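# Predicted model and sequence below, questions to follow.
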Amino acid sequence: MSGLVDRAVAYDLAESTCPPLRLGELLSPRVRTRLDELEIGYGTTGGDAELRALIAAGVGVDPAEVLVTAGGSTAMFLLALVLCRPGDHAVLATPCFPPARTVLEALDVDITPVALTFDAGYRLDVDAIAAALTPTTRLVSLASPQNPSGIRFTEQELRVLAERIDVVAPYAVLLVDETYRETGYGDAPVPRSTARLAPRIVTCSSLSKSHGAPGLRIGWLTTTDPALHEELRVAKFNSLVTCSGVDELLAAEVLRQQERILGARRVALTAALETLDRWAVTQADAVEFLRPDGGALCCLRLRADRFDPEAVRRFYAALAQRDTRVAPGSWFGESDQVFRLGFGHLPAAEFETALDRVAQALSAS
């Protein structure tokens, strides 16, 4: 999966971000002055106070309940590092963002994956997750909207899950990755964060996806448990010390301009999703399309009656020959019959060309 950043292709539909911000959009005279005056020191472990206040206002927590991290994957690492020891138990809803699994594997945690399925629309299976819990479970990890599908779980589903975790695994934390929470389409309202839904819920997010600023490497954790927050802060100090002051200053500017930034991306995503809707109808004999609830990404499945394992292999090979890429399901703990398609990264004309190349690869397979 490192090829996403290390190897370019002409038409990259494996990307899962919104259109990227450009630095010039943020560099007002006021910001330039602040950068000129910025001391390149350590900053603080918790993160810049203004940035934490902006994050807290968007999530609905107190600034003291926010910990700034170097992207969402670092947030996941710090939480797992604090909660889990080798051999401890965690439950992971799959398919999932790969670091949600790999950080647990790196810490030698005993993982029980609970597979959510394409046939069930990747809806949250509360009973299946609850059945995987044990009294020694320390972490339950999921994302809403989910990566790779863009399917959003309801507040009621998450509340019921938190209640069942509290009964069976009272020392466990429910991690809800909300990275795509603010990425919507049309006039749909932005759902509120789950940060205050239950005492043992921790949320994480970042500026990488919805805001189109992955290069800033700024994310965050929220917890309403002061003792857990302090453990996380100390873990960050002992591993990262602090985040980049330059990144934090620019991240605060992104959040100050959030209404404009997210509004423009909502318009672009809505148009791209409409294009994808029309394209999926024309390719219905080859692929099944699961329409997302949020995010710049979705899942499609190669029809089993047309694509046996060899035809699946030929499809990916045909795409590579056309200098085009999607994200195979195996990246996320899913079958390669399923692939993630990002519809937010490319400009409109390039996105249509990329879909044409996917259609050609389907026909060639």
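Perfect, thanks for sending it. Residues are numbered from 1 along each chain as shown.
# any idea of the mean pLDDT for the helix ranked longest in the chain?
If you go by DSSP state H, the chain has its longest helix at helix 258-282. In this model, helix 258-282 carries a mean pLDDT of 96.
# what's the answer for stretch 97-112, then?
Mean per-residue pLDDT for stretch 97-112: 95.
# Quick check: buried residues in that stretch?
F97, P99, A100, R101, V103, L104, L107, V109, I111 (16 or more other CB atoms under 10 Å). For glycine as for every other residue, the C-beta is placed from the backbone atoms N, C-alpha and C.
# Kindly reformat the residues you listed as TSV containing secondary structure.
Written out in TSV, the entries for these read as follows (DSSP: H, G, I helix; E, B strand; the rest coil):
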residue	secondary structure
F97	coil
P99	helix
A100	helix
R101	helix
V103	helix
L104	helix
L107	coil
V109	coil
I111	strand
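# Name the nearest of those relative to S73.
Within the buried residues of stretch 97-112, proximity to S73 (CB to CB) peaks at P99, which comes in at 4.0 Å.
# which residues does the residue nearest the centre of the chain contact?
With the centre of the chain defined as its mean C-alpha position, the nearest residue by CA atoms, centre = their mean is T179, 4.5 Å away. Listed by CB atoms under 8 Å, 6 or more residues apart in numbering, the contact partners of T179 are G72, F97, A143, N147, C204, S205, S206, S208, K209, S210, G219.
# Dihedrals phi and psi, it?
phi -60, psi -30 (degrees, to the nearest 10).
# quick one: the strands in the stretch 151-300 of the chain?
For the stretch 151-300 of the chain, strands defined by DSSP state E, counting those that start in this stretch occupy the ranges 173-177, 201-206, 219-223, 287-290, 297-302.
# Correct me if wrong: R181 contacts P189.
No - contact between R181 and P189 fails when scored by CB atoms under 8 Å: they sit 11.4 Å apart.
# give me the low-pLDDT residue ranges for the protein?
Counting by pLDDT under 70, the low-confidence segments of the chain come to 1-6.
# Nearest to L302 among the contacts of T179?
The nearest member of those to L302, counting by CB to CB, is N147 at 19.9 Å.
# what are the phi and psi values for the closest one?
Note on N147: backbone dihedrals following degrees, to the nearest 10 are phi -110, psi 110.
# Touching, it and F97? I think so.
Yes - under the contact definition of CB under 8 Å, N147 touches F97, with a separation of 4.3 Å.
# Report whether L139 is found in a strand, as I expect.
Yes - under three-state DSSP, L139 sits within a strand.
# Go ahead and confirm it touches A172.
Yes - with contact defined as CB under 8 Å, L139 counts as touching A172 (6.2 Å).
# hmm, back to that, out of the strands of the stretch 151-300 of the chain, flag the one nearest L26.
Proximity to L26 (CB to CB) singles out strand 201-206 among the strands of the stretch 151-300 of the chain, at 16.5 Å.
# For the closest one, what is the distance to the chain centroid?
Remark: strand 201-206 is offset 10 Å from the chain centroid, using CA atoms, centre = their mean, to the nearest Å.
# which helices and strands sit right next to that strand?
Taking 3 or more CB pairs under 8 Å, 6 or more residues apart in numbering; DSSP states H and E as contact, the helices and strands that strand 201-206 lies on are helix 72-83, strand 173-177, strand 219-223.
# I'd like those laid out as CSV, including mean neighbour count and distance to R22.
Supplementary listing: the helices and strands packed on strand 201-206 in CSV, determined by neighbours: other CB atoms under 10 Å; distance: least, CB to CB, whole Å:
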stretch, mean neighbour count, distance to R22
helix 72-83, 24, 22
strand 173-177, 25, 26
strand 219-223, 26, 20
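# Are there residues contacting both of N147 and F97? Which ones?
Listed contacts common to N147 and F97 are D177, T179, F332; contacts here mean CB under 8 Å, 6+ apart.
# how near is the first one to G333?
So that's D177. When CB to CB, to the nearest Å is the yardstick, D177 and G333 sit 15 Å from each other.
# who has more neighbours, R181 and P189?
Neighbours per residue (other CB atoms under 10 Å) separate R181 from P189, with R181 holding more: 25 against 6.
# Pull the contacting residues for that one.
Shown here is R181, whose contacts under the criterion CB under 8 Å, 6+ apart are S144, P145, V190, P191, S193, S205, S210, G294.
# beta partners of the closest residue to H229 other than its chain neighbours?
With sequence-adjacent residues excluded and distances taken as CB to CB, 6 or more residues apart in numbering, H229 is closest to T223, at 5.1 Å. As for beta bridges, T223 partners with V202 under DSSP bridges.
# okay but T223 is in contact with P199, surely?
No - taking CB under 8 Å as the definition, T223 is not a contact partner of P199, at 9.2 Å.
# just to revisit the earlier point, now the residue nearest to the centre of the chain: how far from A198?
When CB to CB is the yardstick, T179 and A198 sit 20 Å from each other.
# A264 too?
Relative to A198, A264 is positioned 34 Å away (criterion: CB to CB).
# re earlier: tell me which of the strands of the stretch 151-300 of the chain sits nearest to A348.
Of all these, the one in closest proximity to A348, counting by CB to CB, is strand 297-302 (16.8 Å).
# relative to helix 258-282, how tilted is the helix or strand in which L362 is found?
Taking DSSP states H and E as the definition, one finds L362 inside helix 348-364. Taking axes from the mean of the first three to the mean of the last three CA atoms, to 10 degrees, one finds helix 348-364 and helix 258-282 inclined to each other by 30 degrees.
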